[in-house]
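S.K.: Quick one: sequence plus predicted model below, questions after.
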Amino acid sequence: MKRGLFTLSAVALFSMSCAVAQAQTKWDLAAAYPASNFHTENLTKFAADVDQATGGKLKITVHANAALFKANEIKRAVQGGQAPIGEVLLANFENENPIYGADGIPFLATSYADAKRLLDAQRPVLDKMLAAQNMKLMYSVPWPSQGIYSKKELASVADLKGIKWRAYSPATAKIAELVGAQPVTIQAAELSQAMATGVVEAMMTSSSTGYDSKIYESIKNFYDLQAWLPKNAVIVNKKAFDALDKPTQDALVAAAATAEKRGWALSQEKTAFYMKGLEEKGMKIHKPSPKLSQDMRQVGDVMLSDWLKKSGADGEAIVGAYRKSAPAAK
């Protein structure tokens, strides 16, 4: 009798443990940037929030520094289900659809407030596009504003002619074309080596990437143009999302909203930290000359005009909504 009861208890415990195992879902999150980067730190907190909110039913493991997929492979991996969730730089995919490049147009949105209004205008179109590709936008967070890193000092755009220019997106490749530089495609994880070996002599990127990639070891000039604030987006495979029960979906969406709010605050907070850090490491922070600023704004005007032609009605709607939302001048 006792032996039979023991056997029944063991079976019951085994069944319960199987049920718990089946109820728990594990996701791998593909990320392209170092663990110390504020985007990755935000992802790690997001994963912890999801774990807590779901009582451990959904476990997300963050794979930083392109350990799971390279930056330009993450979107396809999420779309195809190789990774249920990932973080991408939206502007990287402008060649696939111009809408992804809305926040990569120089001088369209140059402040955090402007970048937020642009995201609000872009989001309905983005949601529709991603849904058509079996994906869902969880949240989006901007990088600090973009400036030019250069081995030599710059007085105008003419000084960039022929220089080896890092192109990490269609927008930065287009800038190289317009200023007469030589574009070289280098992802963030490979940037330090590219600079150390002289493959890259100049680039436009944020103070964050400059600090994390130790650009100051090879390049000593940073021109604080505040040209645009490109955004990362955390995207999830829609089938993977739909497979979650409703309480887990709701917890995931709520954690994403918290992560977005936290990420925007982090980005602004870290801007001063990164700029100070670059200066302390020997980087010369330049206020761009009026000529350099004027030249780059002309580049931005050309790129906006080209983008509006490529993006059609959706692009016109985004820019129209963005401009309409601008606060009235006092």
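M.R.: That came through fine. Only a predicted model underlies this, so the values are computations on that prediction, with no experimental measurement involved.

S.K.: Spatially central, which residue of the protein would that be?
M.R.: residue 232 (1.9 Å; C-alpha atoms, centre = their mean).

S.K.: for stretch 261-278, what is the average pLDDT?
M.R.: Averaged across stretch 261-278, the pLDDT comes to 95.

S.K.: Any chance you could give me that stretch in CSV, C-alpha atoms only?
M.R.: Only the C-alpha atoms of stretch 261-278 are listed here, as CSV (Å, rounded to 0.1, in the frame of the first residue of the first chain):
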residue,chain,number,x,y,z
LYS,A,261,10.2,55.4,-21.2
ARG,A,262,13.3,54.3,-19.3
GLY,A,263,15.4,54.1,-22.5
TRP,A,264,14.6,57.6,-23.6
ALA,A,265,15.5,58.9,-20.2
LEU,A,266,18.7,56.9,-20.2
SER,A,267,19.7,58.1,-23.6
GLN,A,268,19.4,61.8,-22.6
GLU,A,269,21.1,61.2,-19.3
LYS,A,270,24.0,59.3,-20.9
THR,A,271,24.6,62.0,-23.5
ALA,A,272,26.5,64.2,-21.1
PHE,A,273,28.3,61.2,-19.6
TYR,A,274,29.6,60.0,-23.0
MET,A,275,30.6,63.5,-24.1
LYS,A,276,32.5,64.1,-20.9
GLY,A,277,34.1,60.6,-21.2
LEU,A,278,35.3,61.2,-24.8
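
S.K.: Quick one: the helices in the stretch 51-200 of the chain, in order.
M.R.: For the stretch 51-200 of the chain, applying DSSP state H, counting those that start in this stretch gives helices covering 74-80, 112-132, 170-179, 191-196.

S.K.: which residue packs closest to residue 143, ignoring adjacent ones?
M.R.: Nearest residue to residue 143 in three dimensions, chain neighbours excluded: residue 206, at 4.3 Å (C-beta to C-beta, 6 or more residues apart in numbering). C-betas here are computed from N, CA, C, even on glycine.

S.K.: for the one you found, phi and psi?
M.R.: phi -90, psi 170 (degrees, to the nearest 10).

S.K.: mind listing what the residue nearest to residue 182 when sequence neighbours are not counted touches?
M.R.: Closest residue to residue 182 apart from its sequence neighbours, by C-beta to C-beta, 6+ apart: residue 164 at 5.2 Å. Neighbouring residues of residue 164 by C-beta atoms under 8 Å, 6 or more residues apart in numbering: 181, 182, 184, 198, 199, 200, 201, 202.

S.K.: pLDDT wise, what is the second one at?
M.R.: Per-residue confidence for residue 182 comes out at a pLDDT of 96.

S.K.: okay, now it: neighbour count?
M.R.: For residue 182, the count of nearby residues is 15 (other C-beta atoms under 10 Å).

S.K.: Is residue 129 in contact with residue 97, as I believe?
M.R.: Yes. Using C-beta atoms under 8 Å, residue 129 is in contact with residue 97, at 6.2 Å.

S.K.: Quick one: mark the members of the contacts of residue 164 that sit in strands.
M.R.: 182, 184, 202 (DSSP state E).

S.K.: returning to that earlier point: weakest of the helices of the stretch 51-200 of the chain by average pLDDT?
M.R.: helix 191-196 (a mean of 84).

S.K.: Now it: buried residues?
M.R.: 191, 192, 194, 195 (16 or more other C-beta atoms under 10 Å).

S.K.: Just put those residues in CSV and tack on distance to residue 241.
M.R.: Below are the buried residues of helix 191-196 laid out as CSV (distance: C-beta to C-beta, whole Å):
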residue, distance to residue 241
191, 32
192, 35
194, 36
195, 39
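
S.K.: What is the most widely separated pair among the residues you listed?
M.R.: Based on C-beta to C-beta, the longest span within these runs between 192 and 194 and measures 7.3 Å.

S.K.: Mind jotting down where the strands sit in this protein?
M.R.: Using DSSP E, strands in the chain cover 25-30, 58-63, 85-89, 135-142, 146-150, 164-167, 182-185, 202-206, 221-223, 231-237, 284-286.

S.K.: Please identify the most buried of these.
M.R.: Comparing the strands of the chain by mean neighbour count (mean count of other C-beta atoms under 10 Å), strand 85-89 ranks first with a mean of 28.

S.K.: looking at the chain, which helix or strand does the model trust least?
M.R.: helix 2-23 (a mean of 49; mean pLDDT, DSSP states H and E).

S.K.: ok, the buried residues of helix 191-196 vs residue 237, which is closest?
M.R.: Proximity of these to residue 237 (C-beta to C-beta) peaks at residue 191, which lies at 28.4 Å.

S.K.: right, and the closest one touches residue 213 too?
M.R.: Yes. When contacts are counted by C-beta under 8 Å, residue 191 is listed as touching residue 213 (4.4 Å).
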